[in-house]
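Asker: sequence and predicted model, in that order:
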Amino acid sequence: MARTEGFAFRDNAGWGNEGRLRVIFLDVGQGASQLLISPSGKTMLIDAGNNDREQQVVDDLHAYGIDHLDIVIGTHPDADHIGGLDRVIDDFPVGAVYMPKIQSNTKTYESLLRSIKNKGLKVKTAQAGVRLDWDEEVSAEMVAPVMVSDDTNNMSAVVRIAYGDSSYLLTGDAERESEQAMLSSGRELQADVMLVGHHGSKSSTSPAFLKQVNPKYAVIQVGKDNKYGHPKQVILDRLAKQQVKVYRNDLQGNIEIASDGSKYYVTTER
Ligand SMILES: [Zn+2]
C-alpha cells in the first residue's frame, strides 16, 4: 500500500487525460503487466504478473484511478503474465478479453478461465491482424501471433499502439521464431517505445527484429535477482549499441511513458 505513495498520479479515467496516452509498465517483480490509459480515458490492461503479486496490481490499478477495464489481454498462458488476471477480472468491470488460441492445464490458467466465465465474458482470439476497438484517436493492432506454434512464448499476443507520431510495441514473451514471423508478415513494427521481449532473455530481441523496430526507449520488466539471470548482458549490449535508452522495473519501480502524440513524458517511481 505504501509502495505507491509519493508517486505522481494524475487524474485520468473518465476525466480525459490531458490529451495524453499513458502506458505504464507496472512493477510486478519477475513478470509483466502494462496498463494503458487513452487520451479520452479508455483503459486497457495487458497481463497482470504472477499470482503472488495480484493484490499489488489491484492496488496499483486503484491508485491510477482505474474503475473499469475496456480491454484485457492475456498475452499467453504463462503464470508470470496471467497469474494476477483472475483477480483483476473478479474485481473490475471488463469490456473484452483477448487471449491467443493456446491451451494450458495449469491451475492458474483454469482459474482465469473460471473468472472470465463467471463474468459472462467470452475470450476473443488474439492474433496478428486483430484491430482493437479502443479509442478513436489511437490505433491498437495485434501484430502477433502470426502463426500457430506449440510454444506458449511464441504464441504471445504482440500489440502495436500508435497515437499521432508516437508508437509502442508490447511484445509479451515473443521469441526469435515469432519475431521472424512478424518480420516476414510485412506489418508495421517500428515503435519508439518497445517492451523488451521475454524479460530481456537472449531468446528474444534478435538483431534483425531490434533493427526493424528501431526503438528510442525500451523497457525491461524484470524482478530483482531473478533466477533466470534476466536481463542478459548480450541483450543490454545490443540495446546500448543501438543507442536505446533502457528502463527497468527492478531498478526504477513503475515506469510510465506517456505521449501527447509528438513528445514523450517519462515518469519512474524511483
Ligand atoms: Zn514471461
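Answerer: Here it is on my side, so go on.
Asker: skipping adjacent residues, who's closest to residue 245 in space?
Answerer: residue 217 (5.1 Å; C-beta to C-beta, 6 or more residues apart in numbering). From N, CA and C alone the C-beta is placed, and that goes for glycine too.
Asker: do residue 82 as well
Answerer: The shortest distance from residue 82 to any non-neighbouring residue, by C-beta to C-beta, 6+ apart, is to residue 74 (4.4 Å).
Asker: report pLDDT for that neighbour.
Answerer: As summarised for this prediction, residue 74 has a pLDDT of 98.
Asker: how many neighbours does residue 125 have?
Answerer: The local packing of residue 125 (other C-beta atoms under 10 Å) involves 12 other residues.
Asker: what residues are up against residue 167?
Answerer: Applying C-beta atoms under 8 Å, 6 or more residues apart in numbering, we find residue 167 in contact with 160-161, 190-193.
Asker: quick one: it is in a strand?
Answerer: Yes - the assignment for residue 167, made by DSSP: H, G, I helix; E, B strand; the rest coil, places it in a strand.
Asker: does the residue of the stretch 151-270 of the chain found nearest the ion belong to a helix, a strand or coil?
Answerer: Going by C-beta to the ion, the ion is nearest to residue 173 of the stretch 151-270 of the chain, at 4.3 Å. Under three-state DSSP, residue 173 falls in the coil class.
Asker: thought residue 113 was touching the residue nearest to residue 82, still the case?
Answerer: No - shown here, residue 74 and residue 113 do not form a contact pair, counting by C-beta atoms under 8 Å, at 10.1 Å.
Asker: low-confidence regions, the stretch 101-250 of the chain specifically.
Answerer: Within the stretch 101-250 of the chain, not a single segment meets pLDDT under 70.
Asker: quick one, strands of it?
Answerer: 123-125, 139-144, 158-163, 166-170, 193-195, 217-220, 245-248 (DSSP state E, counting those that start in this stretch).
Asker: mind putting these into JSON lines with distance to residue 131?
Answerer: Formatted as JSON lines, the strands of the stretch 101-250 of the chain follow (distance: least, C-beta to C-beta, whole Å):
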{"stretch": "strand 123-125", "distance to residue 131": "12"}
{"stretch": "strand 139-144", "distance to residue 131": "5"}
{"stretch": "strand 158-163", "distance to residue 131": "10"}
{"stretch": "strand 166-170", "distance to residue 131": "15"}
{"stretch": "strand 193-195", "distance to residue 131": "20"}
{"stretch": "strand 217-220", "distance to residue 131": "24"}
{"stretch": "strand 245-248", "distance to residue 131": "28"}
